[in-house]
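Peer 1: no FASTA, just this:
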């Protein structure tokens, strides 16, 4: 994931996460699939924060609109363990007319270096499952969390 900045930008939403027993493998280390669940939680919280409830935007039957995840990846730099407190930073890495790519950075509480980093891309679809434009209100609401290209 060499496209993502090494460090989380300032305009990310920070979400606390406590690692639960069920999030770990037999060695007590966070299981990779748990990170993807944390990422999805981050997307949901960011959307709630900007006034676009995920339960409406992930699948809006009235407008015939959906927002499925079409790709995701995570890199892990060091282990996080059962009982650790994580800080998830989530922001918008890229946004086009039809797609959003969210970025995620995971930090152990009290440590400045990331233990992991990832991204997930969502594409707007219509009733026929063809790509369509993102709702303008969603694009505008997420704009403050978009990474600046400096």
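Peer 2: On my side now, so go ahead. As the structure is a computational prediction, the values presented were derived from the model and not from experiment.

Peer 1: so residue 90 sits in a strand?
Peer 2: Yes: using DSSP: H, G, I helix; E, B strand; the rest coil, the secondary structure at residue 90 is a strand.

Peer 1: how much space between it and residue 25?
Peer 2: Using C-beta to C-beta, to the nearest Å, residue 90 is found at 24 Å from residue 25. Placement of C-beta: from N, CA and C, glycine included.

Peer 1: these two: who's more crowded?
Peer 2: More neighbours surround residue 90 than the other of residue 90 and residue 25, with 26 against 13 (other C-beta atoms under 10 Å).

Peer 1: in the chain, what secondary structure element scores lowest on mean pLDDT?
Peer 2: strand 59-60 (a mean of 90; mean pLDDT, DSSP states H and E).

Peer 1: that one pairs with which strands?
Peer 2: strand 65-66 (antiparallel) (DSSP bridges).

Peer 1: run through who's touching the strand it pairs with.
Peer 2: Residues external to strand 65-66 that are found in contact with it (C-beta atoms under 8 Å, 6 or more residues apart in numbering): 57, 58, 59, 60, 124, 125, 126, 129, 132, 135.

Peer 1: residues touching residue 41, list them.
Peer 2: 15, 17, 88.

Peer 1: so residue 23 sits against residue 34, correct?
Peer 2: Yes: between residue 23 and residue 34 a contact is recorded at 4.0 Å, counting by C-beta atoms under 8 Å.

Peer 1: low-confidence ranges, this protein, go.
Peer 2: Along the chain, the model assigns pLDDT under 70 to residues 1-2, 149-150.

Peer 1: isn't residue 70 up against residue 121?
Peer 2: Yes: between residue 70 and residue 121 there is a contact under C-beta under 8 Å: 5.5 Å.

Peer 1: so which bits of stretch 44-53 are buried?
Peer 2: Residues of stretch 44-53 classed as buried by neighbour count (16 or more other C-beta atoms under 10 Å): 44, 45, 46, 47, 50, 52.

Peer 1: end to end on it, go ahead and measure it.
Peer 2: Terminal residues of stretch 44-53 lie 7 Å apart, using C-alpha to C-alpha, to the nearest Å.
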